[in-house]
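Novice: A structural model of the following input is requested.
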Amino acid sequence: MAAVNPSPPPRGTLAPRIWIPVVVLLVGAVVALAVLLVLNGSDDGPGAEPPTPTLGGELRQEVHWHADLALYIRRERYSFDQERFYSTSKDQLSENVHIHEPWDVVVHVHRESTTWWEFFDSLGFELTDTCITLPEGERFCNSDTERLTFILNGVKVDRLAFQDITNIDRVLISFGNESDEELLQRFAEVTTEACILSGLCEERVPPEGIPEEACGGVVCN
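Specialist: Numbering: from 1, shown residues only. Presented below is the predicted three-dimensional model:
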């Protein structure tokens, strides 16, 4: 009986001897890429968790700035003259921004690009451009009758939470139903002590001098 020759593959298709090696190469390339991705993403070992975002200031320039602050809730001034809000050499609520006794109206900034949100967050507040939540848990948000208002250096601004704190800023934060005229009058009550602590108003330094402050274990003004 004569041998039967296998039928040639239909026109337009590749013979197995051609496409099988191609498939093998493609599968090998995919496996190699997957291995590289796993190795590159596992510097901390198998099962390592992704890093947690922080408010660290290692990439921000060191500074020593001061800003005056007043917070009013429904015409009542909020007092920062409380032990829980003061930073000391032994207990710093934030290395980047804090207040020191007895200067409860002055914010001390030790890293550039420090925002008002960061300052308030370190004290247990939650500040946005429309709401403020106190450490006690009370939350005050914009409504048809009351608003959270910001006055920065004498100018009413719509946003403050993520504004950088700069040297000798004067800030009024007020929640309530006051008129613009009332708010501007209240802004006049914001102190100007930051100018003294920043060394820009030497003529206003009291005869007894400026009390020393403990900032991260070193004495600073």
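Novice: quick one: contacts for the nearest residue to residue 160 once chain neighbours are set aside?
Specialist: Closest residue in space to residue 160, ignoring its immediate chain neighbours: residue 150 at 4.0 Å, by CB to CB, 6 or more residues apart in numbering. Any C-beta I mention is one placed from the backbone N, CA and C, and that applies to glycine too. By CB atoms under 8 Å, 6 or more residues apart in numbering, residue 150 lies in contact with 129, 156-160, 171-173.
Novice: which residues of the protein fall in strands?
Specialist: 62-73, 76-77, 97-100, 103-111, 126-127, 131-133, 139-141, 147-152, 155-157, 169-176, 213-215, 218-220 (DSSP state E).
Novice: strand partners (parallel or antiparallel) of the first one?
Specialist: Which is strand 62-73. Neighbouring strands of strand 62-73 in its sheet, by DSSP bridges, are strand 76-77 (antiparallel), strand 103-111 (antiparallel), strand 169-176 (parallel).
Novice: lowest average confidence across those strands, which one?
Specialist: Lowest mean pLDDT within the strands paired with strand 62-73: strand 103-111, a mean of 94.
Novice: can you give me the buried ones in that one?
Specialist: 103-111 (16 or more other CB atoms under 10 Å).
Novice: repeat for stretch 67-87
Specialist: 67-73, 80, 85-87.
Novice: again with stretch 123-138
Specialist: 123, 125, 127-129, 132-134.
Novice: do me a favour and get the end-to-end distance for it?
Specialist: Counting by CA to CA, to the nearest Å, you get 14 Å between the two ends of stretch 123-138.
Novice: give me the contact list for that stretch.
Specialist: 71, 73, 78, 80, 84-85, 93, 116-117, 120-121, 139-142, 148, 150, 158-161, 173, 175.
Novice: low-confidence ranges in this structure?
Specialist: 1-58, 211-221 (pLDDT under 70).
Novice: same thing but at 80, please
Specialist: The chain contains residues with pLDDT under 80 at 1-60, 89-90, 208-221.
Novice: what ranges do the helices span in it?
Specialist: Taking DSSP state H, the helices of the chain run over residues 16-40, 116-122, 180-187, 193-197.
Novice: so what touches the shortest one?
Specialist: Residues outside helix 193-197 that contact it (CB under 8 Å, 6+ apart) are 65-68, 103, 105-108, 167-170, 201, 204-205, 210, 221.
Novice: rewinding a little: list the beta-bridge partners for the residue nearest to residue 160.
Specialist: Going by DSSP bridges, residue 150 forms beta bridges with residue 157, residue 173.
Novice: go on, residue 97?
Specialist: In beta-bridge terms (that is, DSSP bridges), residue 97 pairs with residue 109.
Novice: so what's it up against?
Specialist: 107-111, 114, 118-119, 122, 165.
Novice: need the residues you listed in a markdown table (columns: distance to residue 197).
Specialist: Formatted as a markdown table, these follow (distance: CB to CB, whole Å):
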| residue | distance to residue 197 |
| --- | --- |
| 107 | 10 |
| 108 | 8 |
| 109 | 11 |
| 110 | 13 |
| 111 | 17 |
| 114 | 16 |
| 118 | 19 |
| 119 | 16 |
| 122 | 19 |
| 165 | 14 |
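Novice: closest one of these to residue 59?
Specialist: residue 111 (9.2 Å; CB to CB).
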